[in-house]
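> The following block contains a protein sequence and its predicted model.
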Amino acid sequence: GAGVSQSPSNKVTEKGKDVELRCDPISGHTALYWYRQRLGQGLEFLIYFQGNSAPDKSGLPSDRFSAERTGESVSTLTIQRTQQEDSAVYLCASSGGGSSYEQYFGPGTRLTVT
Amino acid sequence: GDSVTQMEGPVTLSEEAFLTINCTYTATGYPSLFWYVQYPGEGLQLLLKATKADDKGSNKGFEATYRKETTSFHLEKGSVQVSDSAVYFCALAGGGSNYKLTFGKGTLLTVNP
């Protein structure tokens, strides 16, 4: 079946602009995660959605970052007033939720802020 | 909070050499442990996992054993191939991290023919 998909694959934007990144999880997966991977670093957790529960936003680095998810489908990560330090690969993952910790990752969106 | 420490790279080996990438963790409770791999130009893929103490995860000739007494989950392969060249990430979930994955910084492995 189809895996996790993300769009766009690459995004170049000017400092101060807003960007929207999209994630389509694996069908039937109730849990969805966003991570950020900066150059030469490990992955940093940003936000987690599980079904209809309130999302865990504890990893969002500032109030310029927000994310939404429609039911158990598509999610969008929005970064407002982008800064150069926001340049990174943004990865989305989904899982069956509950005690299933196995997460499946999308190919990522490479964001470059100039 | 939970954390993962893995050996810093880069690691460069000749084909058929033995590979070890060390990984240790700090966590409350009983986390599940994972190795993820990122091949050049590709997304992150789950390589293997172990969900409880003394479990051994294995895949594609790679192995790692969950050692609770030493809080370690070292990755090993007896004979590496050029196609194993990639970045390897150790990670944990569960325990104090609950559902989210906590990753190490990654180890770049280059295998030369």
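It's in.
> What strands flank the helix or strand hosting A:Tyr33, and is each parallel or antiparallel?
Using DSSP states H and E, A:Tyr33 sits in strand A:31-37. Paired neighbours of strand A:31-37 in the sheet (DSSP bridges): strand A:43-50 (antiparallel), strand A:88-95 (antiparallel).
> Quick one: name whatever helix or strand follows the last one.
Towards the C-terminus, the helix or strand next in line after strand A:88-95, according to DSSP H and E, is strand A:104-105.
> Remind me what that next one packs against, helices and strands.
Packing partners of strand A:104-105 (3 or more Cβ pairs under 8 Å, 6 or more residues apart in numbering or on different chains; DSSP states H and E): strand A:88-95, strand B:44-50. Any C-beta I mention is one placed from the backbone N, CA and C, and that applies to glycine too.
> Of the ones you listed, flag the one that's most buried.
Among the helices and strands packed on strand A:104-105, strand A:88-95 has the highest mean neighbour count (mean count of other Cβ atoms under 10 Å in any protein chain shown), at a mean of 24.
> Can you show me the CA trace of it as CSV?
What follows is strand A:88-95 as a C-alpha-only set of coordinates in CSV (Å, rounded to 0.1, in the frame of the first residue of the first chain):
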residue,chain,number,x,y,z
ALA,A,88,15.7,22.0,7.9
VAL,A,89,14.1,18.8,6.6
TYR,A,90,10.6,18.4,8.1
LEU,A,91,9.6,14.8,8.4
CYS,A,92,6.2,13.4,9.0
ALA,A,93,5.5,9.9,10.4
SER,A,94,2.4,7.9,11.1
SER,A,95,1.7,4.8,13.2
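> And the contacts of it?
Under the criterion Cβ atoms under 8 Å, 6 or more residues apart in numbering or on different chains, residues A:4, A:6, A:21, A:23, A:25-26, A:29-39, A:43, A:46, A:75, A:77, A:101-106, A:108-111, B:43-44, B:99, B:101 lie in contact with strand A:88-95.
> One more pass at 7 Å, please.
The contact list for strand A:88-95, computed with Cβ atoms under 7 Å, 6 or more residues apart in numbering or on different chains, reads A:4, A:6, A:21, A:23, A:25-26, A:29, A:31-38, A:43, A:75, A:77, A:101-106, A:108-111, B:44.
> Does the lowest-mean-pLDDT helix or strand in chain B reach chain A?
The weakest-scoring helix or strand in chain B, judged by mean pLDDT, DSSP states H and E, is strand B:102-103 (a mean of 92). Yes. Strand B:102-103 is in contact with chain A by Cβ under 7 Å from any Cβ of the partner chain, via B:Phe103.
> which non-adjacent residue is nearest the most centrally placed residue in chain A?
Chain A has A:Trp34 as the residue nearest its centroid, 3.2 Å off, counting by Cα atoms, centre = their mean. Leaving aside its sequence neighbours, A:Trp34 sits nearest to A:Leu46 (Cβ to Cβ, 6 or more residues apart in numbering or on different chains; 4.2 Å).
> Return the residues in contact with the one you found.
Listed by Cβ under 7 Å, 6+ apart, the contact set of A:Leu46 reads A:34-36, A:59-60, A:65.
> from those, which single one is nearest A:Gly71?
Comparing the contacts of A:Leu46 against A:Gly71 with Cβ to Cβ places A:Trp34 closest, at 16.8 Å.
> which stretch of helix or strand covers A:Leu111?
Secondary structure (DSSP H and E) places A:Leu111 in strand A:109-113.
> ignore the last one, B:Lys105
B:Lys105 belongs to no helix or strand, assigned by DSSP H and E.
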